[in-house]
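Peer 1: I'd like to go over a predicted model; first the sequence, then the structure.
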Amino acid sequence: MDTLGQKEAAVRDRTRQIFRFLQTLHDHRNPAKLRIQDHLWFRWFSGFPRHESVERGRREPEANGGPSATEFSLRARRPKLTAAPRPPKDIAEWVEPGWDDPARELTFLPHRKTLDEDGRTVEVALGDDPLRIEARRSWEQVRNSWALAERPARQAMELYEALFTVWGWIERESERVELVLGDGILRWTRGPMVVYHPILLQRVELEFDDSVPEFRVVETNHPVEFYSSAFPAGEDFDTRKVMAFQRELDGGSFHPLGGQDTSDFFRSIAARLSAQAEFVADHPRPSTAAPILGRDPVLFLRSRSQGYTAAIEAILKALERDDPVPVCLAQVVGLEPTDDNNGEPEPSPRPSPSGPNPEILFSKAANPEQFEIARRLATQNSILVQGPPGTGKSHTIANLIGHLLAEGKNVLVTSHTTKALNILRSHVVEELRPLCVSLLESDADSRHQLEAAVNAIVSRLTTSDEVRLRKEGESFKCERARLQAIVDNTEQQLRLAREADYLPIGFGGKSHTPSEAARWVAAGQETQSWIPGPAEAGAPLPLAPDEIRFLYQSNSLLTVAD
């Protein structure tokens, strides 16, 4: 193996070691959730109340025979609650607390103490008075009828309030949490380890319409996931089966709310999972050892850390395929890439002393540092710019986006937080903003931005033609060249003015510093001020040389008396 090949192998080995360390560290700090109750929040579909304000979505096949689709997975409107009928006056003091809760049974005091006509304390039974018995019977029927109808509404309100809490949670911490719909509940006890988790997952979005008001759980554009972490490796389990399950999912159209095809997929997994494994059509019952796979869709809120694991696994797979290691990673592991320049790293281009490059088309005001960044990007594969908040990083990226779009390139900007992307989009000039589509945690916002971008592009194409755009481009190019010439001339004059503060002045074969010349002028101001000023550079003398000579000779020819 030659020297270059050895260096590439060393870069690949070091990079692999770093990402394996990061994977192990992440797994140690964030172990995979094996039980559904270990997540931040969860709610079974089977536990949703049967009420007109709660509607569950169904997967209906599309007309063209494509994959199933649904407008929403869950819709929950705020239900209208009614108050419990108050007990009659005759039995009001006999009813125990909780009578206005439809989930509780009515209870009455069998005896209570009261005062008789003589003021003595006596004990009275509820059934002593026939009027009380009749009042109790009549009111109990009315109240129980109300409770039967009100109980689903109260359960629907409890679901609505729970979704309201989850919605506020997502709004506050959208970078940390995400809502997921799951099905294919696997129950499997393997020694001390208990698995109780869905294996088919679909990321969803919780939308809130305050005009109704109602919550809607809608699907995102993310593909259905196979939760491989529910199958931890062990001596009694071949992990290659998980890869086969994943391939089948990639080739099918299965969904947590799917129909018979999804059930057949789960049944096939159970048959190959274990000799004792079985599939059930409803929620799986607890099992001591044999795995059971059942169906009961569940909505749960999880941490976004799972995406970190998937990203690292993808990088490690790419390293195993001998994909080229990016230059930035080679720099991280301490092995700089080399070129044909005797094995030395490629030198960084020096700043041009002639000012900004005319080929760099920034859309916003720029400083020399931003021009230098653009110049380096043209010759290097990567560049790192660091700085605390408020130092202009977003402004610089927005300028680079405008320049790269002017070159006909596509730009992908990634960020750890959604807030950073929103701030960056606001920095992009308004003319280019319709071309910026953000893939945020809110797929609805992303779709709105995509629609706005398409409408803006179509509007521009319908109101302009190629000839007109080409003429406008040439006009802008000429105008930019004229303005650039003015800028260059102004910078040249400014540079000359600044140089005049420290460059030596040559006069009469001698060199004088500007400070010495200034002191000489100040000292001879009274005797030499007869010279008209200000004097322009290159202007002709007001007198001929002979006249000046005669003028100075007159000092000796004329006396004080004259």
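Peer 2: Yep, that arrived. For clarity, every value in this text was computed on a predicted model and none was experimentally measured.

Peer 1: What ranges does this protein have for its strands?
Peer 2: Taking DSSP state E as the test, the strands found in the chain are 41-44, 54-56, 74-77, 111-115, 121-125, 177-190, 193-209, 214-219, 225-226, 278-279, 292-294, 298-303, 505-507, 510-512.

Peer 1: who's in contact with the closest residue to H416 other than its chain neighbours?
Peer 2: Counting by Cβ to Cβ, 6 or more residues apart in numbering, H416 lies nearest to E175, which is 7.1 Å off, once chain neighbours are set aside. Any C-beta I mention is one placed from the backbone N, CA and C, and that applies to glycine too. By Cβ atoms under 8 Å, 6 or more residues apart in numbering, the contact set of E175 is R304, H416, T417, T418, K419, E441.

Peer 1: from the residues you listed, which is closest to R35?
Peer 2: R35 lies nearest to R304 out of the contacts of E175, by Cβ to Cβ, at 18.9 Å.

Peer 1: tell me, how many neighbours does A135 end up with?
Peer 2: 18 (other Cβ atoms under 10 Å).

Peer 1: try I269
Peer 2: 25.

Peer 1: How much space separates the closest residue to it other than its chain neighbours from W41?
Peer 2: Spatially, and ignoring its direct neighbours in sequence, I269 is nearest to F245 (5.8 Å; Cβ to Cβ, 6+ apart). Going from F245 to W41 by Cβ to Cβ, to the nearest Å gives 27 Å.

Peer 1: Tell me which of those two has more neighbours.
Peer 2: F245 (20 against 15).

Peer 1: Check the gap between that one and F226 for me.
Peer 2: 6 Å.

Peer 1: And for Q493?
Peer 2: In terms of Cβ to Cβ, Q493 sits 68 Å off from F226.

Peer 1: how about the closest residue to L299 other than its chain neighbours, what does it touch?
Peer 2: Leaving aside its chain neighbours, L299 sits nearest to R43 (5.1 Å; criterion: Cβ to Cβ, 6+ apart). Shown in contact with R43 (Cβ under 8 Å, 6+ apart): L159, A162, V298, L299, F300.

Peer 1: Next, count neighbours for the second one.
Peer 2: For A162, the number of neighbouring residues by other Cβ under 10 Å comes to 15.

Peer 1: Give me the contacts around stretch 223-233.
Peer 2: Contacts of stretch 223-233 (Cβ under 8 Å, 6+ apart): 32-34, 182, 186, 190, 193, 195, 197-203, 237, 239, 241-242, 245-246, 249, 254-256.

Peer 1: Give me the neighbour count for L200.
Peer 2: The number of residues near L200, taken as other Cβ under 10 Å, comes to 27.

Peer 1: Surely it is in contact with S253?
Peer 2: No. The pair L200 / S253 is not scored as a contact, 11.9 Å apart, by Cβ atoms under 8 Å.

Peer 1: low pLDDT regions in the stretch 301-450 of the chain?
Peer 2: For the stretch 301-450 of the chain, the stretches with pLDDT under 70 are 305-307, 335-358, 440-444.

Peer 1: The chain too?
Peer 2: 1-4, 58-70, 233-237, 288, 305-307, 335-358, 440-444, 530-533.

Peer 1: And it, split by domain according to the record?
Peer 2: If you go by automatic domain parsing, the domain ranges for the chain are 92-146, 348-463.

Peer 1: Can you tell me the centre-most residue of this structure?
Peer 2: Central residue of the chain (Cα atoms, centre = their mean): T418, 2.9 Å from the mean position.

Peer 1: How much space separates it from F215?
Peer 2: Distance from T418 to F215, counting by Cβ to Cβ: 21 Å.

Peer 1: Then E140?
Peer 2: Per Cβ to Cβ, E140 is found 36 Å from F215.

Peer 1: go on, L558?
Peer 2: 107 Å.

Peer 1: got it, and Q525?
Peer 2: Q525 sits 85 Å away from F215, going by Cβ to Cβ.

Peer 1: Which one of those two is surrounded by more residues?
Peer 2: The residue with more neighbours, out of Q525 and F215, is F215; 22 against 8, by other Cβ under 10 Å.

Peer 1: so who does the closest residue to L163 other than its chain neighbours touch?
Peer 2: Nearest residue to L163, sequence neighbours excluded (Cβ to Cβ, 6+ apart): F215, at 4.5 Å. Going by Cβ under 8 Å, 6+ apart, F215 touches L74, R75, A76, Y160, L163, F164, W167, L206, E207, F208, D209.
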